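**Student:** Sequence plus the predicted model coming up.
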Amino acid sequence: MEEFKNIIGNEDAKAYFLKTLDKNKLSHSYIFEGPYGVGKNTFAMELTKYILCENKKENIPCGTCPSCHMIQANTHPDVITIEKDTKVTKIENIRHNIIREMDTKPYHSKYKIVIVKAADSITIEGQNAMLKTIEEPPKYGIIILVCENTAKLLPTIKSRCITIRFNPLNREDLAAYLNLKNIQGTRRELLSKLSHGSIGVINDILEDDQYLELRKQSIFYLERLDKADLIGVYDLVKELTDQKDLIERILEFWLLWYRDIAVVKKTGTSDLYYIDQEKHLLDMAYKLTYNKVSNNIDNIKTALLDIKQNIYNTFVIENLLLKLKERKK
Ligand SMILES: [Zn+2]
């Protein structure tokens, strides 16, 4: 559809808002709920154009009026975005940015729109403080609470909002996004599988140059360990401990690898993380007993904890590699 053409997927949300805008029946408070990276914040920003554009043509924002321009540049005085503070969103942030903003009439348009990112990180105190704004909103006020998990929101807040559900993107939508980014070949296939329908995850991986390379390299280390004699093992210990900054991530990839082998042994080949190495996983699942796989997982977890607590790396890695190499159990 022509409408919301900048938004990939989430057709239900598009259809809902087109109807609502058409009937001029916007509510004052919404919850946008859904997993990480599926377009909730992007949708909220795009929606503000649909609400505030001064020159809509057949319900579609023009993209060129002052409102559209300001929204695009993130400078619209009547569109307020609340970022989360650190781990939680504190009450001062709520008071200053939600309550005070909502009490102030819009400067430029008919509406004042407040988008609260990561609303599930707002403390209970903060949620209580914004309750009144949500219960008795000014007629110009629209508040959008964006969150991954509504379980962390007060029931009184949830009952006052209309919840719009956002879902992971389906195969075609992901393909459309990867086309947009011009990503082809095996990289494309891999990204689409690793993403679990989240554009956010795809972007995280794309921004991290090392990700795919390190993922591959981590499994090479395990293969080398398998074939190594004692001297080879100590070469590996040295090589791994020399990469102080990467060692935790390598161990996390190992965890996913053995988790996949456990999945293959128990349930078959669905929902694998190393889906691009299915044959290798099947070989490993055949070679290792379930107990051995589960011990490996425990040993890697222990090593990771030790490293996070700054226990001397060489000792931890040496101990781990020798345990992983033990044949039976
Ligand atoms: Zn416009």
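**Tutor:** Cool, the structure landed. Numbers count the residues shown, from 1 in each chain.
**Student:** contacts and neighbour counts: CA atoms only from here.
**Tutor:** OK.
**Student:** tell me which parts of this structure are close to the ion?
**Tutor:** Proximity of the chain to the ion, by Cα under 5 Å from the ion, involves residues 53-55, 61-63, 65, 68.
**Student:** Now the buried members of these.
**Tutor:** The neighbour-count test (16 or more other Cα atoms under 10 Å) marks 53-55, 61-63, 68 as buried among the residues of the chain next to the ion.
**Student:** just to revisit the earlier point, which members of the residues of the chain next to the ion occur in helices, if any?
**Tutor:** Cross-referencing the residues of the chain next to the ion against helices under DSSP state H gives residue 68.
**Student:** any chance of the residues of the chain next to the ion in CSV, with pLDDT too?
**Tutor:** Below are the residues of the chain next to the ion laid out as CSV (pLDDT from 0 to 100):
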residue, pLDDT
53, 95
54, 94
55, 93
61, 94
62, 93
63, 91
65, 95
68, 94
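**Student:** Could you list the buried residues of stretch 3-21?
**Tutor:** Buried residues in stretch 3-21 (16+ other Cα under 10 Å): 4, 7-10, 13-14, 17-18.
**Student:** Kindly report the same for stretch 62-81.
**Tutor:** Here stretch 62-81 shows 62-63, 67-71, 76, 78-81 as buried, counting by 16+ other Cα under 10 Å.
**Student:** Low-confidence bits of the stretch 51-200 of the chain, can you list those?
**Tutor:** Applying pLDDT under 70 to the stretch 51-200 of the chain picks out residues 85-88.
**Student:** Do you have the helices of it handy? List them.
**Tutor:** Ranges of helices within the stretch 51-200 of the chain are 66-72, 91-93, 100-103, 124-135, 155-160, 171-180, 185-194, 199-207, based on DSSP state H, counting those that start in this stretch.
**Student:** Just put those in a markdown table and tack on distance to residue 323.
**Tutor:** Formatted as a markdown table, the helices of the stretch 51-200 of the chain follow (distance: least, Cα to Cα, whole Å):
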| stretch | distance to residue 323 |
| --- | --- |
| helix 66-72 | 55 |
| helix 91-93 | 49 |
| helix 100-103 | 59 |
| helix 124-135 | 46 |
| helix 155-160 | 49 |
| helix 171-180 | 41 |
| helix 185-194 | 29 |
| helix 199-207 | 31 |
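**Student:** The spatially closest residue to residue 102 that is not a sequence neighbour: neighbour count?
**Tutor:** Leaving aside its sequence neighbours, residue 102 sits nearest to residue 141 (Cα to Cα, 6 or more residues apart in numbering; 6.3 Å). Here the count is done by other Cα atoms under 10 Å, and residue 141 has 24 residues near it.
**Student:** Contact partners for residue 141?
**Tutor:** Counting by Cα atoms under 8 Å, 6 or more residues apart in numbering, residue 141 touches 28, 102, 111-114.
**Student:** again with residue 273
**Tutor:** 193-194, 256-257, 260.
**Student:** Could you check how far it is from residue 327?
**Tutor:** As judged by Cα to Cα, to the nearest Å, residue 273 and residue 327 stand 25 Å apart.
**Student:** biggest helix in this structure by residues?
**Tutor:** Per DSSP H, the chain has its longest helix at helix 247-267.
**Student:** What residues sit buried inside that one?
**Tutor:** For helix 247-267, using 16+ other Cα under 10 Å, the buried residues are 247-248, 250-251, 253-265.
**Student:** I'd like the next helix or strand past it.
**Tutor:** For helix 247-267, the following helix or strand on the C-terminal side (DSSP states H and E) is helix 278-287.
**Student:** now that following helix against helix 247-267, angle please.
**Tutor:** 70 degrees (axes from the mean of the first three to the mean of the last three Cα atoms, to 10 degrees).
**Student:** Could you give the average pLDDT over the helix or strand following helix 278-287?
**Tutor:** Next along the chain after helix 278-287, taking DSSP H and E as the criterion, comes helix 290-308. The pLDDT scores in helix 290-308 average 94.
**Student:** Tell me how far helix 290-308 lies from the chain's centre.
**Tutor:** 26 Å (Cα atoms, centre = their mean, to the nearest Å).
**Student:** mind exporting that helix as CSV, just the C-alpha atoms?
**Tutor:** Provided in CSV are the C-alpha atoms of helix 290-308 (Å, rounded to 0.1, in the frame of the first residue of the first chain):
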residue,chain,number,x,y,z
TYR,A,290,23.9,-35.6,25.7
ASN,A,291,25.7,-35.6,29.0
LYS,A,292,28.9,-34.4,27.4
VAL,A,293,27.1,-31.6,25.6
SER,A,294,25.4,-30.5,28.8
ASN,A,295,28.7,-30.6,30.7
ASN,A,296,30.3,-28.5,28.1
ILE,A,297,27.6,-25.9,28.4
ASP,A,298,28.0,-25.9,32.2
ASN,A,299,31.8,-25.6,31.9
ILE,A,300,31.6,-22.7,29.4
LYS,A,301,29.1,-20.9,31.7
THR,A,302,31.4,-21.3,34.7
ALA,A,303,34.3,-20.0,32.7
LEU,A,304,32.3,-17.0,31.5
LEU,A,305,31.4,-16.1,35.0
ASP,A,306,35.0,-16.4,36.2
ILE,A,307,36.2,-14.2,33.4
LYS,A,308,33.5,-11.6,34.2
